[in-house]
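> sequence? don't have it. structure:
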């Protein structure tokens, strides 16, 4: 099957342990050529850790926007990009919050920003939580666990105080599916 856009050539513009930026020379079905910039990142997992009427968020400084933000625990394993999504979700939950879950309920898969990036994310609802010890990466040394009543979290999402798109989307999808 012919694609709407064909790649004529591709070159890596920048690469580090977290991402690759490439520039593709393309041709459209009309025959017109162009350039497409693509950010390649491994998929990540985002977790809604809920116990009774409380959801557990993390707060950390986000350098790109220069402020601390509340969001759901989330992350990728750059050194193991093909990890089982549920194992990734369990690992990120433990790393960022120290929590273990008796039950991981798969909510769904979404793309983060497919207009320029191939990264997607798996959404899990974690239940039956047991508190343990965090094991943060150096990049997360300022991360704080923030327990919050679900109703207050809902109000912060609706009011625009929670600005992380994947957090809002994960919550919305879980809510729409009747899981919360």
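Received the coordinates, thanks. Just so you know, these numbers come straight off a predicted model, no measurement behind them.
> Would you map the strands across this structure?
Listed in chain order, the strands of the chain (DSSP state E) span 5-15, 20-28, 33-40, 44-51, 54-62, 67-71, 74-75, 99-111, 120-131, 144-149.
> Would you indicate which residues of stretch 104-116 are buried?
Buried residues in stretch 104-116, defined by neighbour count with 16 or more other Cβ atoms under 10 Å: 104, 105, 107, 110, 112. Where C-beta positions appear, they are placed from N, C-alpha and C, glycine not excepted.
> returning to what we had before: please render the strands of the chain as TSV that adds distance to residue 166 and mean pLDDT to the earlier fields.
What follows is those, written out as TSV (distance: least, Cβ to Cβ, whole Å; pLDDT from 0 to 100):
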stretch	distance to residue 166	mean pLDDT
strand 5-15	23	97
strand 20-28	20	96
strand 33-40	15	96
strand 44-51	5	98
strand 54-62	13	96
strand 67-71	8	97
strand 74-75	6	96
strand 99-111	8	98
strand 120-131	6	97
strand 144-149	17	97
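> in this structure, what residue sits furthest out from the centroid?
Most distant from the centre of the chain: residue 31, at 36.2 Å, with distances by Cα atoms, centre = their mean.
> So for that residue, what pLDDT did the model give?
Listed pLDDT for residue 31 reads 93.
> how far away is it from residue 3?
Here the criterion is Cβ to Cβ, to the nearest Å. By it, residue 31 lies 14 Å from residue 3.
> and what of residue 138?
41 Å.
> between the two, which one's more packed in?
residue 3 (8 against 5; other Cβ atoms under 10 Å).
> Look up phi and psi at that one.
When read as degrees, to the nearest 10, the backbone of residue 3 gives phi -80, psi 160.
> how near is it to residue 28?
To residue 28, residue 3 is 10 Å away according to Cβ to Cβ.
> Quick one: neighbours of the residue lying closest to residue 103 once chain neighbours are set aside, just the number.
Among residues not flanking residue 103 along the chain, residue 127 sits closest, at 4.4 Å (Cβ to Cβ, 6 or more residues apart in numbering). Per other Cβ under 10 Å, the neighbour tally for residue 127 reads 16.
> same deal with the one 4 residues further on?
Residues contacting residue 131 under the criterion other Cβ under 10 Å number 12.
> just the one 10 residues further on next, same as before
Counted with other Cβ under 10 Å, the burial measure for residue 141 works out to 9 neighbours.
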